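1. next come a sequence and a model predicted from it.
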Amino acid sequence: MIDHTLENRRKLWLALSELYLDTESTDEDYFRIANEIKDLGFVFGKAKRIDYYEVAPALGANLLSTAGIWSGFCSEEINTKCHYNYTRRENLFFRIKCHLYNTLWWKFRKKTGRDCRKKPQLLSN
């Protein structure tokens, strides 16, 4: 049985947060994140939904900033913001808001998804 406890979810939030840093991600970064997704027991589709509804609303604005965070987010801040989104993920208005926000940085998400899917051997559970 796959363990999707809140602790694993927190680890996934931290891994996915790297995709929202104001840096150029390399294939090694995507490979490491994809491997972490697999090691935590998440399939790509589930991790993508967690990213869409929990991580992106918390950290996505960093991609739009002219001087965004590039050295790494505070893990406590990630946990607080993502947990708050986790508790609201089934709320219709929150889901609409997520859709609107994700539309703003869609091109970044598209590249991330495409690059992570280059590693299908890691993402198929």
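-> Arrived safely, thanks for sending. All values reported here derive from a predicted model rather than from experimental measurement.

2. hey, where'd the helices end up in this protein?
-> Taking DSSP state H as the test, the helices found in the chain are 6-17, 27-39, 44-50, 56-59, 75-88, 92-104, 106-117, 120-123.

3. show me where the protein dips below the pLDDT cut-off.
-> Applying pLDDT under 70 to the chain picks out residues 1-4, 65-71, 105-125.

4. just give the closest residue to residue 95, not the sequence neighbours.
-> Among residues not flanking residue 95 along the chain, residue 53 sits closest, at 7.0 Å (CB to CB, 6 or more residues apart in numbering). In this view, the C-beta of every residue, glycine as well, is placed from N, C-alpha and C.

5. what sits against the one you found?
-> Residue 53 is in contact with 85, 89, 94, 95, 98, counting by CB atoms under 8 Å, 6 or more residues apart in numbering.

6. shouldn't the fourth one be in contact with residue 89?
-> Yes - counting by CB atoms under 8 Å, a contact exists between residue 95 and residue 89, whose distance comes to 7.4 Å.

7. weed out the non-buried ones from the contacts of residue 53.
-> By neighbour count, with 16 or more other CB atoms under 10 Å, the contacts of residue 53 hold 85, 98 as buried.

8. now for the contacts of residue 53, which pair is the farthest apart?
-> Distance extremes for the contacts of residue 53: the farthest pair is 85 and 95 at 10.6 Å, using CB to CB.

9. measure residue 84 to residue 13 for me?
-> According to CB to CB, to the nearest Å, residue 84 and residue 13 sit 11 Å apart.

10. again, but for residue 53
-> To residue 13, residue 53 is 11 Å away according to CB to CB.

11. please apply the same query to residue 5.
-> 13 Å.

12. in terms of neighbours, single out the busier of the two.
-> A direct count of neighbours by other CB atoms under 10 Å for residue 5 and residue 13 places residue 13 higher, at 24 against 10.

13. skipping adjacent residues, who's closest to the more buried one in space?
-> Using CB to CB, 6+ apart and skipping residues adjacent in sequence, the residue nearest residue 13 is residue 82, 4.3 Å away.
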